[in-house]
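Student: fold the following and give me the result.
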Amino acid sequence: LPQLLGILKVIHQQYVAAVGGPSASEQSLVLRGMLKILKLFKDLVAFHPWSFSMREVIAPILEYLYVNITSTLEQQNGNGNQAQQVAGNSLFVEDICTLSMSVLQCITRSSSYRSCLSKGEADTVKRQLVEGAQQLLRDFFLKERLDAMICAIISHHMTLKQGDLEKWQVSPEEFHHENDLGNFHETLRSESEKLLCSFLENFKEETVSTMMKLINQIQSMPQAGIQFSQLLLKESLYNAMCLAAYDLHDFVSFQSFFENYLVKDFVLQSEESKIIIRRAAYLLAAWIADVPDGLRPQVYHLLVQQLLPCEDMVVKLAGCTVLRVFIDDWNFYEDQFEPFLHQALHHLLLIIQHAYDFDSQVQSFNVLCLILERMGTRVKPFANDIIALIPDVWQKAEDQSLLKIQVLNAMQRLMQCLGASSMSTYAIVVPLLHYSVDPDSPESASILEDAFLLLRSTLQFASELDPQIAELVHFIAKHMGRSTEYLPLAAEILEAYVLLGGLAFLQRYHGIIFSTLAEAIHSINGRGLLFILPTIDLILQILPPSDYGILETVLGRLSRRLLEETSDEALIHIGCVFARLSIGSSKSMSQVAGSEVLLSVWMEKYCLLSSKKKRKIVCLGVLAALETEAWPALVRRRNELKCFLLDVGHEFKVHNPLDDKDDDDESCFDREPPFGTGEDPEASRRSYLWSHDPVNKVNLPQLIGKLQLNIE
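Tutor: Here you go, the predicted model:
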């Protein structure tokens, strides 16, 4: 390795001297050879750390890496597409410098060199190796070297280059997405940022000390008449402060820094000042934990009044990014943001409308959806502006599934915000649903879940069932027949259909609904049953007992699952459904197969039910079955039934305050309500159904007392 390093140094010097000569292809081959040697060093650190840690190997390599990192360009004369740039006798080669930083990171973060040895370490060889490597690294990473590398990183390598600025002007949206939303390519700036984070992790005190010197230097610069090179340095330092926000917390008073320096950076003094405005916005996002509540309205003002209206798309999108961070924060308060709501929505819609890059539209829609979620019904006055934009964006999206997902998500959030008045959006929503929910749609696999969520919200807030939306139940049935991937959501949608459409819906679509449920009961496991049983219970509440015959196939499949199922949770919930059937029609219960098993489930697994109302339904189901005297098992198990009824009767005679909330359950199956505020017609429908449920009108202790005499 020392000989190989010597060859690399010679080639490096000759390469720098020959750059720009006539043999460009040969120079490219030489550069690739040098990069391969550096990659070899990196692989040795990863796979043979102890061979690499010998003094005669690691010391000269570290020195070579240090020279590469601290070699900088005095003049930036490059092209964004060039692999290297040269100035005078500098050894700076961009690709070599980038890979040198990567090798140095690998060394500083090597788990072998950072091992913590206990005092009683038995392996003396390992102890010597670790201690030797750590001593070599301490000898190398002196404060002077760290200071030189950090200054080079912040003052030169992390600054925006001429190629970056040209790309900003030519393709601003592409510049934003490459630089501000995560760059997956190894560039000089990205490796510089990683190396700085590595220094903060391993040499926090020295790194923070150097950064504070640079911060003090920047603070002493005049706000007006600042030179362009100083502006680039300031932007780079702000970037470093973003990376070191946690480490600088105890050294920088952010409120004072914001009021005395950062606010002034948002003033657009010249075209070049957009560079610092963008980075100052990101600095706010990185230090959000230090922004006090009292300063947030001022931050919203800066973002909404200055960044989002800016003509420069890079600054606009930076405002979007930072605004999302503040709205998604734990300390976000709706009242503080409400004065800026209208303008924020207006500028976001303009970005969506004028952006040419789909990623920009997706980003803006993402912020829009978050605002709809956090602000709720306060968005109602501006809903028409959002709705008017949707058809045009959807049409232009073509095969851009990510953008269509954001459109569906935005419409779903908007339905939640509008509440009962959401039916006014059906002219837009129905075509979206017809395309998105169709299982044969070319984009069904990617947008189906979001389409289901939109359909779920549409049904939840509808005051009556639209015929076009009712027809979508055929698509839901197809999905349930093909896959169980979205079974929980599909089952909720089916339940919402039944709850909204009521008896008329069941009478019209009973064929497709009951065949789908029967097939699902036959094919899914016990956990899947728990998702569709609430729908069956709801159907039993809505159908008149005289129509229970149309459920014959469903109940027959459920009876067979009762005999085959092994999950206690699934069994007792199946028992709840049959208890509901027994309450509605004792005659129908006499035809159920597996009555012995059902009785066992009712009496032995009764205690597994967490809801008091569910336990009451089971008890009423047993009492209704007793009245028919149709099951021979009832006669054989009289004594067990008597004990069971006495236990239940005692529970309902004793008032337990903890059960008060449970008594108000609107369904015998618990459903978590979806997100939403404001008027909720579905909640009203559930409340009405609950108030007319015969289970809630029965005086159970009194009924048990009468039937105990019959048992005797």
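
Student: could you pull out the helices for the stretch 451-600 of the chain?
Tutor: 467-470, 473-482, 487-523, 526-542, 552-564, 568-584, 586-589, 595-604 (DSSP state H, counting those that start in this stretch).

Student: ok, now the stretch 101-250 of the chain?
Tutor: Under DSSP H, counting those that start in this stretch, the stretch 101-250 of the chain gives helices at 124-140, 143-152, 162-170, 172-179, 188-202, 204-219, 228-243.

Student: how about the last one: buried residues?
Tutor: Taking 16 or more other Cβ atoms under 10 Å as the basis for neighbour counts, the residues of helix 228-243 that come out buried are 231-243. Where C-beta positions appear, they are placed from N, C-alpha and C, glycine not excepted.

Student: just curious, which of these is nearest to residue 209?
Tutor: Closest to residue 209 out of the buried residues of helix 228-243 is residue 240 (13.3 Å), distances taken as Cβ to Cβ.

Student: list the contacts of the closest one.
Tutor: 153, 154, 158, 196, 211, 214 (Cβ atoms under 8 Å, 6 or more residues apart in numbering).

Student: distance check, it against residue 326.
Tutor: Separation of residue 240 from residue 326 (Cβ to Cβ, to the nearest Å) stands at 22 Å.

Student: and residue 366, by the same measure?
Tutor: Counting by Cβ to Cβ, the gap from residue 366 to residue 326 is 14 Å.

Student: returning to that earlier point: make CSV out of the helices of the stretch 451-600 of the chain and add mean pLDDT.
Tutor: Listed next are the helices of the stretch 451-600 of the chain as CSV, based on pLDDT from 0 to 100:
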stretch, mean pLDDT
helix 467-470, 95
helix 473-482, 93
helix 487-523, 93
helix 526-542, 92
helix 552-564, 87
helix 568-584, 88
helix 586-589, 69
helix 595-604, 80
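
Student: any weak-confidence spans in the stretch 601-712 of the chain?
Tutor: 628-635, 649, 652-678, 706-712 (pLDDT under 70).

Student: and the helices in it?
Tutor: Under DSSP H, counting those that start in this stretch, the stretch 601-712 of the chain gives helices at 612-628, 632-636, 638-653, 660-663, 681-691, 700-711.

Student: any idea which of these gets closest to residue 422?
Tutor: Judging these by Cβ to Cβ, what sits closest to residue 422 is helix 681-691, at 9.4 Å.

Student: which other helices and strands contact that closest one?
Tutor: Packing contacts for helix 681-691, counted by 3 or more Cβ pairs under 8 Å, 6 or more residues apart in numbering; DSSP states H and E, involve helix 444-460, helix 487-523, helix 526-542.

Student: would a markdown table of those helices with mean neighbour count and distance to residue 394 be doable?
Tutor: What follows is the helices and strands packed on helix 681-691, written out as a markdown table (neighbours: other Cβ atoms under 10 Å; distance: least, Cβ to Cβ, whole Å):
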| stretch | mean neighbour count | distance to residue 394 |
| --- | --- | --- |
| helix 444-460 | 22 | 11 |
| helix 487-523 | 19 | 22 |
| helix 526-542 | 21 | 31 |
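
Student: reformat those helices as CSV; add distance to residue 27.
Tutor: Listed next are the helices and strands packed on helix 681-691 as CSV, based on distance: least, Cβ to Cβ, whole Å:
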stretch, distance to residue 27
helix 444-460, 46
helix 487-523, 59
helix 526-542, 64
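
Student: out of these, which is closest to residue 26?
Tutor: Per Cβ to Cβ, nearest to residue 26 of the helices and strands packed on helix 681-691: helix 444-460, 47.8 Å.

Student: which neighbouring elements make contact with the closest one?
Tutor: Using 3+ Cβ pairs under 8 Å, 6+ apart, helix 444-460 sits against helix 401-418, helix 426-437, helix 467-470, helix 487-523, helix 681-691.

Student: who touches that helix?
Tutor: 401, 404-405, 408-409, 411-412, 415-416, 422, 429, 432-433, 436-439, 441, 465, 469, 472, 479, 486, 489-490, 492-493, 496-497, 500, 674, 676, 680-682.

Student: buried subset of the residues you listed?
Tutor: The buried subset of the contacts of helix 444-460 (16+ other Cβ under 10 Å) comprises 404-405, 408-409, 411-412, 415-416, 422, 429, 432-433, 436-439, 441, 465, 469, 472, 479, 486, 489-490, 492-493, 496-497, 500, 674, 676, 680-682.

Student: ok, residue 431 to residue 454 distance?
Tutor: From residue 431 over to residue 454 (counting by Cβ to Cβ), the distance is 12 Å.

Student: likewise for residue 405?
Tutor: 10 Å.

Student: cool, residue 282 as well?
Tutor: When residue 282 is compared with residue 454 (using Cβ to Cβ), they lie 33 Å apart.

Student: again, but for residue 531
Tutor: 20 Å.

Student: would you map the helices across the stretch 301-450 of the chain?
Tutor: 313-327, 334-337, 341-354, 358-375, 383-397, 401-418, 426-437, 444-460.

Student: give me the contacts around the first one.
Tutor: Contacts of helix 313-327 from elsewhere in the structure, counted by Cβ under 8 Å, 6+ apart, are 168, 172-173, 175-176, 180-181, 274, 277-278, 281-282, 284-285, 288, 296, 299-300, 303-304, 307-308, 310, 332, 337, 344, 347-348, 351, 355, 360, 363-364, 366-367, 370-371, 374.

Student: please pick the buried ones from those.
Tutor: Of these, these count as buried by 16+ other Cβ under 10 Å: 168, 172-173, 175-176, 180, 274, 277-278, 281-282, 284-285, 288, 296, 299-300, 303-304, 307-308, 310, 332, 337, 344, 347-348, 351, 355, 360, 363-364, 366-367, 370-371, 374.

Student: could I get the helices of the stretch 601-712 of the chain as a markdown table with distance to residue 147?
Tutor: Shown next, in a markdown table, are those (distance: least, Cβ to Cβ, whole Å):
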| stretch | distance to residue 147 |
| --- | --- |
| helix 612-628 | 70 |
| helix 632-636 | 87 |
| helix 638-653 | 75 |
| helix 660-663 | 63 |
| helix 681-691 | 64 |
| helix 700-711 | 80 |
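
Student: what's next to stretch 354-361, contact-wise?
Tutor: Contacts of stretch 354-361 (Cβ under 8 Å, 6+ apart): 173-174, 176-177, 181, 313, 317, 351-352, 364, 393, 397, 400, 402-403, 406.

Student: mind running it again at 7 Å?
Tutor: Residues outside stretch 354-361 that contact it (Cβ atoms under 7 Å, 6 or more residues apart in numbering): 173, 174, 177, 317, 351, 352, 364, 393, 400, 403.

Student: that stretch: which residues count as buried?
Tutor: In stretch 354-361, counting by 16+ other Cβ under 10 Å, buried: 355, 357, 358, 359, 360, 361.
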